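Student: for reference, the sequence and a predicted model appear below.
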Amino acid sequence: MKSVPTMFFATAAFFVLLGMIWGIQMSATGDHSLSPAHGHLNLVGFVTMSIMGIYYALTPAAAASKWARPHYFLAVSSVVILVVGIVMALTENGETLAKIGSVLAVLSILTFLVMILKFGVGNKE
Ligand code: HEM
């Protein structure tokens, strides 16, 4: 199984690849109506997950803890559900998914905060 930092970074890179292709598609078509969803995919999916990846790479005790992999799955599901939810909200197909995604995104950041408080930052050995 891949290390926790690798999982965060690889997924972040995949999200920004999708986000950039989406950005090029918006530019090419001139239809920017879904740009908030593109922005969230890139900022929550790429920037936030990369920062978490940096944290886990710097802090092996946190990466080895039983909470690191559940945190990864929480972070990924929050991005997917939030971005799909924003698309649905923008296209007037309901806001429920966006609300669920928002709560999951908050829980992911709360988990990140707990990790930082519990394990600190960096290698203590
Ligand atoms: C190939 C790369 C990219 C292309 C072609 C692209 C293209 C676009 C386009 C066409 C818009 C709509 C602009 C408007 O309507 O005013 C947009 C908005 C935006 N993009 Fe990108 N983008 C790219 C990468 C990124 C990246 C890497 C990030 C962040 C890390 C990002 C964050 C945003 C944000 C925050 C918005 C504004 C969203 C909003 O209006 O609510 N983009 N982008």
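Tutor: Nice, I can see it. None of the values given here were measured: they were computed from a predicted structure.
Student: in this protein, what residue lies closest to the ligand?
Tutor: Here the chain gets closest to the ligand at one residue, residue 23, 2.3 Å apart by C-beta to the nearest ligand atom. Heads up, the C-betas are built off the backbone N, CA and C, glycines and all.
Student: so what's the residue nearest the centre of the chain scoring on pLDDT?
Tutor: Residue closest to the average C-alpha location in the chain (C-alpha atoms, centre = their mean): residue 45, at 3.5 Å. In this model, residue 45 is scored at 98, pLDDT.
Student: for residue 1, same thing?
Tutor: Reported pLDDT at residue 1 in the predicted model: 78.
Student: just residue 125 next, same as before
Tutor: You'll see residue 125 listed with a pLDDT of 54.
Student: enumerate every residue touching the nearest residue to the residue nearest to the centre of the chain once chain neighbours are set aside.
Tutor: The shortest distance from residue 45 to any non-neighbouring residue, by C-beta to C-beta, 6 or more residues apart in numbering, is to residue 15 (3.2 Å). By C-beta atoms under 8 Å, 6 or more residues apart in numbering, the residues touching residue 15 are 41-42, 45-46, 49, 79.
Student: could you do residue 68 as well?
Tutor: For residue 68, the contact set (C-beta under 8 Å, 6+ apart) comprises 4, 56, 62, 115.
Student: go on, residue 89?
Tutor: For residue 89, the contact set (C-beta under 8 Å, 6+ apart) comprises 95, 97-98.
Student: which of these fall within helices?
Tutor: 97-98 (DSSP state H).
Student: what parts of this protein come near the ligand?
Tutor: Within the chain, the residues that sit near the ligand (C-beta under 6 Å from any ligand atom) are 16, 19-20, 23-24, 26-27, 32, 35-36, 38-39, 42-43, 46-47.
Student: for stretch 54-72, list the C-alpha coordinates in PDB.
Tutor: The C-alpha coordinates for stretch 54-72 follow below in PDB (Å, rounded to 0.1, in the frame of the first residue of the first chain):
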ATOM      1  CA  ILE A  54       3.300  18.000   3.200                       C
ATOM      2  CA  TYR A  55       2.200  17.700   6.800                       C
ATOM      3  CA  TYR A  56       2.100  13.900   6.700                       C
ATOM      4  CA  ALA A  57       5.500  13.800   4.900                       C
ATOM      5  CA  LEU A  58       7.000  16.000   7.600                       C
ATOM      6  CA  THR A  59       5.300  14.200  10.500                       C
ATOM      7  CA  PRO A  60       5.800  10.400  10.300                       C
ATOM      8  CA  ALA A  61       4.100   9.800  13.700                       C
ATOM      9  CA  ALA A  62       0.900  11.300  12.300                       C
ATOM     10  CA  ALA A  63       1.200   9.400   9.000                       C
ATOM     11  CA  ALA A  64       1.600   6.100  10.900                       C
ATOM     12  CA  SER A  65      -1.300   6.800  13.200                       C
ATOM     13  CA  LYS A  66      -4.600   4.900  12.700                       C
ATOM     14  CA  TRP A  67      -6.400   8.100  11.800                       C
ATOM     15  CA  ALA A  68      -4.200   9.000   8.800                       C
ATOM     16  CA  ARG A  69      -5.900   6.800   6.200                       C
ATOM     17  CA  PRO A  70      -9.400   7.500   7.300                       C
ATOM     18  CA  HIS A  71      -8.500  11.200   7.100                       C
ATOM     19  CA  TYR A  72      -7.400  10.600   3.500                       C
END
